[in-house]
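S.K.: How does the following fold in three dimensions:
(chains A and B)
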2 protein chains.
Amino acid sequence: MGLAPSRCRASYVDTLNVELGIRSYPILIGAGLLGRPDLWRQHLQAQDLLIVSNTVVAPLYLPALAAGLAARRTVEVILPDGEAHKTLANAARVLDVLVANRFGRDCAVLALGGGVVGDLAGFAAACYQRGVAFVQVPTTLLAQVDSAVGGKTGVNHPGGKNLIGAFHQPVLVVTDSGTLATLPPRELRAGLAEVIKYGLICDAALFDWLEAHLDELLAGDPTGLAYVIRRSCEIKAAVVGRDEREQGERALLNLGHTFGHAAESATSYKEWLHGEAVGAGLVMAASASVECGLLAQREAERVHRLVERAGLPTRIASVPPEVALEHMRIDKKVLGGRLRLVLLRRIGEAVLSADYPAAALTRTLAAHFG
Amino acid sequence: MGLAPSRCRASYVDTLNVELGIRSYPILIGAGLLGRPDLWRQHLQAQDLLIVSNTVVAPLYLPALAAGLAARRTVEVILPDGEAHKTLANAARVLDVLVANRFGRDCAVLALGGGVVGDLAGFAAACYQRGVAFVQVPTTLLAQVDSAVGGKTGVNHPGGKNLIGAFHQPVLVVTDSGTLATLPPRELRAGLAEVIKYGLICDAALFDWLEAHLDELLAGDPTGLAYVIRRSCEIKAAVVGRDEREQGERALLNLGHTFGHAAESATSYKEWLHGEAVGAGLVMAASASVECGLLAQREAERVHRLVERAGLPTRIASVPPEVALEHMRIDKKVLGGRLRLVLLRRIGEAVLSADYPAAALTRTLAAHFG
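M.R.: Numbering: from 1, shown residues only, chains lettered A, B, ... in the order given. The predicted structure is shown next:
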C-alpha cells in the first residue's frame, strides 16, 4: 500500500456547522484529516468505537484512521462493497457486534466509507440502545457532498430504496478530501450528480460554474473539488437546519431521486451506483418539468448536456417504464396515494408538486426508461 | 365470542396530555373506547392503518376496533403471543407488510395489545420511511399504566432486553379499561408491578393506597383499576414531559428493571412476564438499597410484602447470580463500563447511583438469584 494522501498532515481545517439546537454538529473539511489525533481528541468524546467500513475502503484508510483515534477501544465491521449490501440483515450484523462487545450507550459508531456505509452504520447507531453517537467519515465525493450530512440513515428494502430508516444526526462529520485521490472515476462521476443537483435546486451560479469547470473536476483537481464539497455542504447544512425532518423545503433535495430510486430498486441495487441513477433522474426531472410547462426546453437541454458530460447515464434502458412507475409508487413522497414530484421552474429553482398532469409523468418515463 | 365490554358505549372519556411540544399527544382513558367511531374520527387523521396485534388479543378486540375505525383501510399483522416474539425478525415482518401494501408516509401503525405488541409495532413505525404515525391501544394493565406512554419502542436481542429500539412517541393513546375484564390474572398481577414501582419512586401515598386496596385490584375492581391507570399515566406523562430522552430523571422509571431485564434475558424471555420480572426486580432494588445503607430494612420489608401479596415473584431461582450479573452488564444504564442502579432512599424517593459498593450488588444477586 502506498502512502495515502490522508497520511500527510495538513494544517488547514475548514469548519462548517449544521445548526440544529442541541443536536448541532461540525463538518470538518480538509486534506489528511482522518489521521489527525488532535482533531479526534478535540471533537470526539467516546472511547468505545465501532468502525463500520467496507472491503474496498478499509485497506486504504483504516490504518490512518486507527492512528488518528490513538488509544481508544475500536472494533471493526467490514461489509462487502455496494448498494446491494445496504440491508436490514447487515444492519443487524452491526448491532450483533455492538452487543457482543458489550458496548454501552456512551459508545460511538463511526462510518468510514461512502453513502452505503454511512446510511447503514447511522441506522445501526440510531437503533442501538435507542440511539448512540454517530460519526461520519465520508470517503466518496457523493457522501462528502450529500449523504454524510443531514442525519438521514437507513437501509433498502427489496420493495424500495431507504424504506427502513431513521433521522439520526451525526455528532461529527470528518470530510477528508484527500481520500478522493484514490476514488475510482466512476464513483467521482456519481458524486457529481449530487453537486449538479444543488445547482439545479437553488444555486444557478454553481450550475454555471460546473458547466465551466467540469473537466477540471473530472480530472480530480483538488481545488475545484474542495470548492464543490464546501458549497454543497453549505447548501445542505442550511436546508437541513431549516427543515430537519423534511416537512417542507428539504424534500427539494430529492430532485431526481424518485426516478433514480426506481431505477435502483428495479435493478435490485446492482446495476447503477446511487449517483448514476440520480444523474439519469435529474434529466428525467428536467424533462418532466418541460412536459408540465414549467421549464424551458433549452434549460432541460443544459441539464441533459451537463449530466452527459459528467459521464452519467441520461436514461435507464434496462427497466421498462411500467416497472419504473410501479417502483415509484412506494416512494416516501407519496401522500394520499398521490406521488409528489420535485420539478424545476428554471435552473436554480425547484418546486415540490402533486399537481401535475399524469400524462407528463407517463411520457417522461416512456422517453427515459426501457 | 361474547359481547366484549368494549362494545358497550360509555360516554365518559378521561383525557390526559403528554406535553412534548409539537409531539404532544392525548391519552384517552375510559371503558369501551376502542370501538367508538366518534373518538377515532376526532383524534386520528390517517386513513391507511396497519394494525399489529397478537393471537390472544385479536379475536377479543379486533372486531370492536375495526368497527370503531369504520371506513378506513386496515391491514392486520397478528403475531404470536409473548415476549419471546419481540424480535427484530418480527419487526421486519411488520415492515414487509407495510411495503407490500404500498403504505405511504401518511399511514399509521396501530398497536392493539400489551407491551410486546406496542414496543414492536412502535419500533416498526419508527423505522418505516424514517417514521410514520403510531397509535397505542393498550389492552393489558402493564401497557396501560406504563409501556404505551412515553415513546420507548424496541425489540429484544438475544444478548439483552430492548437493546434495539427508538424513541418514537405515539400520536394518540387509547386506553380502553374495559379490556381488563378479559385480562388473565397473571397479566393483571404483572401490571401491578409497574404501579407499585410508581409508588416507590415518587408517590408514597400511592404505595400506601396499594397496601390498603390491593385485594380490590386483584379482584378486578373497575374503580380501583381506573384510579391506578389514571395516577400511573399522570406520573409517567409528567416524567416523560420533563425528560423525554432519559437524560436524567426518566431513568428512575427503570427501578427494578435492570434486575428484571437480566432475569428475562437469562431465561430467553420465556419464563417470566416482563411485569413479573420487574416485581422481583423491585424487591432486589429495595434489598440493594438496604445493602447500600440508603433504605431502612423495614421499608424493604414493606416492598417485599406488597410484591408478594400481588402474587409476583420475589426471587428468580432458575438463574444463577453470576449469570444474572453477566446479563446486567449489557444494560442501557451502563456508562463508562459502570452499571448505574436505581436505588431507594425511602418509599416514594428513588435515586440513580453509580457510586455503590460492588459487594452490595453481589450480595443482592446472591440472595435473590439461583
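S.K.: And the residue nearest the centre of chain A?
M.R.: For chain A, the residue sitting closest to the mean C-alpha position, by C-alpha atoms, centre = their mean, is A:Ser147 at 2.7 Å.
S.K.: That residue and chain B: what is the separation?
M.R.: 14 Å (C-beta to the nearest C-beta, to the nearest Å). For the C-beta atoms, the positions are set from N, CA and C on the backbone; glycine is no exception.
S.K.: give me every residue that touches A:Arg23.
M.R.: Taking C-beta atoms under 8 Å, 6 or more residues apart in numbering or on different chains as the contact definition, A:Arg23 lies against A:Gln169.
S.K.: and the gap between it and chain B?
M.R.: 11 Å.
S.K.: now A:Leu192
M.R.: A:Leu192 is 26 Å from chain B, where distance means C-beta to the nearest C-beta.
S.K.: wait, doesn't that residue sit right on A:Arg309?
M.R.: No. Using C-beta atoms under 8 Å, A:Leu192 makes no contact with A:Arg309, being 9.6 Å away.
S.K.: any residues in contact with both of these two?
M.R.: Common contacts of A:Leu192 and A:Arg309 (C-beta under 8 Å, 6+ apart): A:Leu214.
S.K.: per-residue pLDDT, the one residue in the stretch 201-350 of chain A that gets nearest to chain B?
M.R.: Of all residues in the stretch 201-350 of chain A, the one sitting closest to chain B is A:Val334 (4.1 Å; C-beta to the nearest C-beta). pLDDT, A:Val334: 79.
S.K.: Isn't it up against B:Arg105?
M.R.: Yes. If you go by C-beta under 8 Å, A:Val334 and B:Arg105 touch, sitting 7.1 Å apart.
S.K.: Have a look at those two and say which one is more surrounded.
M.R.: The neighbour comparison of A:Val334 against B:Arg105 (other C-beta atoms under 10 Å in any protein chain shown) goes to A:Val334, with 21 against 16.
S.K.: Bridged to the more buried one, which residues?
M.R.: With DSSP bridges as the criterion, A:Val334 is bridged to A:Leu339.
S.K.: Can you pull the phi/psi pair for A:Ala126?
M.R.: Dihedral angles of A:Ala126 (phi, psi; degrees, to the nearest 10) stand at phi -60, psi -40.
S.K.: So it versus chain B, what's the distance?
M.R.: 7 Å.
S.K.: Please look at that residue and A:Ile164 and confirm they touch.
M.R.: No. Between A:Ala126 and A:Ile164 there is no contact, the gap being 10.8 Å when judged by C-beta under 8 Å.
S.K.: How about the residues of chain A by chain B?
M.R.: A:88, A:92, A:95-96, A:99-100, A:102, A:104-106, A:126-131, A:152, A:154, A:157, A:159-160, A:162-167, A:329-330, A:332-337 (C-beta under 8 Å from any C-beta of the partner chain).
S.K.: What about the residues you listed, which are in helices?
M.R.: Residues of the residues of chain A next to chain B located in helices (DSSP state H): A:Leu88, A:Ala92, A:Leu95, A:Asp96, A:Val99, A:Ala100, A:Ala126, A:Cys127.
S.K.: Name the nearest residue to the second one, ignoring sequence neighbours.
M.R.: So that's A:Ala92. Leaving aside its sequence neighbours, A:Ala92 sits nearest to B:Leu88 (C-beta to C-beta, 6 or more residues apart in numbering or on different chains; 5.9 Å).
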